[in-house]
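Asker: Need coordinates for the below:
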Amino acid sequence: MVRIPRRLRHGEEATLVEHLDELRARLIIALAAIAVAFVVTYAFHGHILHWLNRPLPDRLKKPVTFSPVEPFTTSIWISLWAAFLLALPVVLWQVWAFLAPAFEEHRQRSIMLVVAFATALGLGGIAFGYWVVLTPAIQFLTNYDSSHYHILVRARDYYRFVSFVLLGVALAFEVPVFVLALVRLRILTAAKLRSTWRVGVFTMTVIGVLLPGVDPVSTILSVVPLVALYLLSIGLASFLEPRWRSEGGRAPLAE
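Answerer: All right, here's what the predicted structure looks like:
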């Protein structure tokens, strides 16, 4: 039976064997959490598939499959990904508990706040992608040139498209975390961000165009929040930078 490992304190010494034992125990806990979550998600995979199929037009509510094993493999993969998302808090906590002793106590609190902020932004991105971006994009794509095509939606390709769109939007919502990290590391300054905001807006527009989803609807709906989040990042950087500089440290790299 695997014993729950104790989190080491900052500066506490441990042998290589003890570190490896802790790593092994935390990996087992993370995998066990995913396995338990998989049992739950597979039991409710019909509800998950129904939730994923909701953006489809009524005539395409049930995606088609083209091989005998595709319904089974698709349901397994959907359940597995859902299980990973469900178990993600446990997995991230095990990763953090293993790495935390490398940071000082006050740094640990700051990092946990950053992780919480990034998690909230990621969840917000997934929600925005599903309820705002995905449905208009699917409606546009499945009705485009419908007079020239007999349109069918293959299950495997549809769920891959949905995953890429939601993941892409979730990652795009992490822009404030990335920008604030550059300011915190003094690679950028708030003044530099304010003076070059047009370049930043253009960059966010390019990123929005490059996100998964080839249709103009999802592209426009992705660009708008990206630009808004970038402008929010400038405001947060202007507010937080004086506090960070008061802590002292090396001179900024960016002027």
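Asker: Show me the helices in the stretch 51-200 of the chain, by range?
Answerer: Per DSSP state H, counting those that start in this stretch, the stretch 51-200 of the chain carries helices over the ranges 70-99, 105-128, 135-143, 155-172, 175-184, 190-195, 197-210.
Asker: in the stretch 1-150 of the chain, which segments are predicted with low confidence?
Answerer: Within the stretch 1-150 of the chain, the ranges that satisfy pLDDT under 70 run 1-14, 103, 106-107.
Asker: Dump the helices of the stretch 51-200 of the chain to JSON lines, plus distance to residue 23.
Answerer: In short, each C-beta sits where N, CA and C put it, glycine included. JSON lines is the format used below for these (distance: least, C-beta to C-beta, whole Å):
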{"stretch": "helix 70-99", "distance to residue 23": "6"}
{"stretch": "helix 105-128", "distance to residue 23": "19"}
{"stretch": "helix 135-143", "distance to residue 23": "42"}
{"stretch": "helix 155-172", "distance to residue 23": "27"}
{"stretch": "helix 175-184", "distance to residue 23": "26"}
{"stretch": "helix 190-195", "distance to residue 23": "39"}
{"stretch": "helix 197-210", "distance to residue 23": "35"}
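Asker: I'd like to know which of those is closest to residue 45.
Answerer: Closest approach to residue 45 among the helices of the stretch 51-200 of the chain (C-beta to C-beta): helix 70-99, 4.6 Å.
Asker: buried residues in the closest one?
Answerer: For helix 70-99, a neighbour-count test (16 or more other C-beta atoms under 10 Å) marks 74-75, 78-80, 82-83, 86-88, 90-91, 93-94, 96-98 as buried.
Asker: for it, packing partners?
Answerer: helix 16-43, helix 45-53, helix 105-128, helix 155-172 (3 or more C-beta pairs under 8 Å, 6 or more residues apart in numbering; DSSP states H and E).
Asker: how big is the angle separating the longest one from helix 45-53?
Answerer: Here helix 16-43 points in a direction 80 degrees away from that of helix 45-53 (axes from the mean of the first three to the mean of the last three C-alpha atoms, to 10 degrees).
Asker: repeat for the third one
Answerer: If you take the same axes, to 10 degrees, helix 105-128 sits at 70 degrees to helix 45-53.
Asker: Report the distance from helix 105-128 to the chain centre.
Answerer: A distance of 11 Å separates the C-alpha centroid of helix 105-128 from that of its chain, computed with C-alpha atoms, centre = their mean, to the nearest Å.
Asker: repeat for the shortest one
Answerer: Here helix 45-53 is found 20 Å from its chain centre; the criterion is C-alpha atoms, centre = their mean.
Asker: contacts for it?
Answerer: Helix 45-53 is contacted from outside by 41, 61-63, 75, 78-79, 82, 158-159, 162, using C-beta atoms under 8 Å, 6 or more residues apart in numbering.
Asker: The residues you listed: which two are farthest apart?
Answerer: 41 and 61 (21.1 Å).
Asker: and those two? which has more neighbours close in?
Answerer: Using other C-beta atoms under 10 Å, the more surrounded residue of residue 41 and residue 61 is residue 41, with 22 against 11.
Asker: my guess is that one meets residue 86, correct?
Answerer: Yes. With contact defined as C-beta atoms under 8 Å, residue 41 counts as touching residue 86 (6.2 Å).
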